[in-house]
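Asks: I would like to see how this sequence folds:
(one chain, ligands or ions: 2)
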Amino acid sequence: MIGLPRGVRLEPHRDEPLKHEIQGFPQPKQLWVPLVGCTVRSECLVEPGDWIEKGTPLSAPQFAAPVYAPAAGSIKEIRERTLAQKGPTTCVLLIPDWSYEFPERKKPAQGHQEELIAAAAAAGIVDEFDGLPLYKKLKRFRRRGVNLLLGNAIDDDPYVASAVAVLRENPQRVAEGLAAAAKACGAEEWRIAASSRKESKRIHEACPTVEPFPAGERYPARALLKRELYAKGNTTGFIGVQACAAFADFLEKAVPQTETVVTVNGDAVSTPYNVRVPVGTALRELLGFCGGEGTPGACFVGSSITGKQVSDLDTPVTLDTRCLVALKRAPRWKTFPCIGCGSCARACPRGIRPWAVCDQLSRENPDPLRMVNVQHCIACAACSVACPSGIDLVSQMLRAAEFKKGGE
Ligand code: SF4
Ligand code: SF4
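Replies: Numbering: from 1, shown residues only. Ligands and ions are numbered 1, 2, ... in the order given. Take a look at the predicted model:
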């Protein structure tokens, strides 16, 4: 295996690459704003019938980031809805009045680490790649002693271009947010990770103060880069470039994060775009804007590789809806027996041999000690993508990790 490239090469799915400009979106007539992280009703701060300003906090969850109103307007209804990405979630139906802007607010204190982390918490910022609140990530990075903080601009799913679009739109803003995040978690160095050398060069030309870091073009680029940097003695942390830009906005203008950039793509869409939308916009409206007609055969949110399939197109956009892939037909996989090619092991960034783990799982008395490293699986699905037999390895790995954890 030595000398062979790790990861898996993903083929582009369209002849015409997706444009990297970000489109504005027609203001929706209603928004179902998901109060992500709100576990009890008392954490919801509004009631039906309330009139609220743009940027009013809608929730104050104990263990998550607050959610802010993406527009002024009146609250019509509050109820629990089941979202494919999040499960049962309290959602607020807001009838927006788009004639109001964010009211002026005082800039947050940002002199030292604690103040910056408090600002990240108050801004309601969520990392678009993993859905985690920024303040929690910063605290965790500080605890772990991260020395190199990387702004994540790696769109390593061939359907997605939202991270690169955000970076190209305003690299300086991303750099400012990343520098502040590095200060907050005590990282000595910060860089922006992009997938190709060409993209890295382009970033550096657009913004000479930014030193990009080419991560490579094989999937999963981020995990492979992390592994490489770890071997060189670095402890790294990644923050999505959208979260970085939102942090810079909050520090400068006290504007909380209420919108996100989503790539809408797939063969059921006639004009794929990167679209900036307020949270709570229905996926159906996004599809309609990009020329998606009728009901597609299958829709995925998050990413086409690791994202979730959605059947209800009235599902609202959340801050980590990086991508919406609409396909004319639901993909059908044919599965064949393992041919022992080893591609899954070469693709894995965590040193797991998925074929060997599956072999153990199929035995009457599986031996957890022979499922080496399976507890470190990050569910990137590179093994499943690489497998020529079409075996759904990732779900087997997650099952094996549970099995090993249980010590059975
Ligand atoms: S899903 Fe798990 S086993 Fe498969 S490639 Fe990713 S980390 Fe490795
Ligand atoms: S990639 Fe698929 S066929 Fe090849 S060894 Fe792994 S499980 Fe077997």
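
Asks: alpha carbons only for contacts and neighbour counts from here, please
Replies: Fine.

Asks: Any buried residues in the helix or strand of the chain with the lowest mean pLDDT, and which?
Replies: Least confident element among the helices and strands of the chain, by mean pLDDT, DSSP states H and E: helix 197-206 (a mean of 82). By 16 or more other Cα atoms under 10 Å, the buried positions in helix 197-206 come out as Glu199, Ser200, Lys201, Ile203, His204, Ala206.

Asks: Return the residues of the stretch 51-200 of the chain in contact with ligand 2.
Replies: By Cα under 6 Å from any ligand atom, no residue of the stretch 51-200 of the chain approaches ligand 2.

Asks: Pick out the residue of the stretch 51-200 of the chain closest to ligand 2.
Replies: Closest contact between the stretch 51-200 of the chain and ligand 2, by Cα to the nearest ligand atom, is at Asp157 (19.4 Å).

Asks: Give me the residue ranges of the chain where confidence is low.
Replies: Segments of the chain classed as low confidence (criterion: pLDDT under 70) are 1-3, 13-19, 407-408.

Asks: and this protein, which residues reach ligand 1?
Replies: Residues of the chain lying near ligand 1 (Cα under 6 Å from any ligand atom): 347-350, 352, 354, 377-383, 394, 397.

Asks: Gly326 and Glu293, how far apart?
Replies: For residue 326 the amino acid is Ala, not Gly. 10 Å (Cα to Cα, to the nearest Å).

Asks: cool, and Ser304?
Replies: 20 Å.

Asks: try Ala206
Replies: Separation of Ala206 from Glu293 (Cα to Cα) stands at 37 Å.

Asks: Hmm, Gln113 and Lys183 touching each other?
Replies: Yes - applying Cα atoms under 8 Å as the test, Lys183 and Gln113 come out as touching, 6.5 Å apart.

Asks: Would you mind telling me which of the two has the busier surroundings?
Replies: Taking neighbours as other Cα atoms under 10 Å, Lys183 and Gln113 compare with Lys183 leading, 22 against 19.

Asks: Got the phi and psi for that one?
Replies: When read as degrees, to the nearest 10, the backbone of Lys183 gives phi -60, psi -40.

Asks: Which residues are in contact with it?
Replies: Each residue near Lys183 by Cα atoms under 8 Å, 6 or more residues apart in numbering is listed here: His112, Gln113.

Asks: So Arg227 belongs to a helix, correct?
Replies: Yes - membership of Arg227 in a helix is supported by DSSP: H, G, I helix; E, B strand; the rest coil.

Asks: what's near enough to touch it?
Replies: Pro349, Arg350.

Asks: Straight-line length of stretch 164-180, end to end?
Replies: With Cα to Cα as the measure, the first residue of stretch 164-180 is 20 Å from its last.

Asks: and the residue of the stretch 101-250 of the chain found nearest ligand 1, how many neighbours?
Replies: With Cα to the nearest ligand atom, the shortest gap between the stretch 101-250 of the chain and ligand 1 falls at Pro220, namely 7.9 Å. The criterion is other Cα under 10 Å. On that basis, Pro220 has 25 neighbouring residues.

Asks: my guess is it contacts Cys380, does it?
Replies: Yes - counting by Cα under 8 Å, Cys380 is a contact partner of Pro220 at 6.9 Å.

Asks: Can you pull the residues that touch both of Ala326 and Glu293?
Replies: Contacts common to Ala326 and Glu293, judged by Cα under 8 Å, 6+ apart, are Ala268, Val269, Leu287.

Asks: Looking at those, which are in helices?
Replies: Residues from these lying in helices, with DSSP state H as the criterion: Leu287.

Asks: Please tell me how far the residue sitting nearest the centre point of the chain sits from Thr82.
Replies: With the centre of the chain defined as its mean C-alpha position, the nearest residue by Cα atoms, centre = their mean is Phe129, 1.9 Å away. Using Cα to Cα, we find Phe129 at a distance of 21 Å from Thr82.

Asks: Which of the three states applies to Arg222?
Replies: Using three-state DSSP as the criterion, the local structure at Arg222 reads helix.

Asks: List the contacts of it.
Replies: With Cα under 8 Å, 6+ apart as the criterion, the residues that contact Arg222 are Asn152, Ile154, Ala215.

Asks: I'm done for today, thanks for sticking with me.
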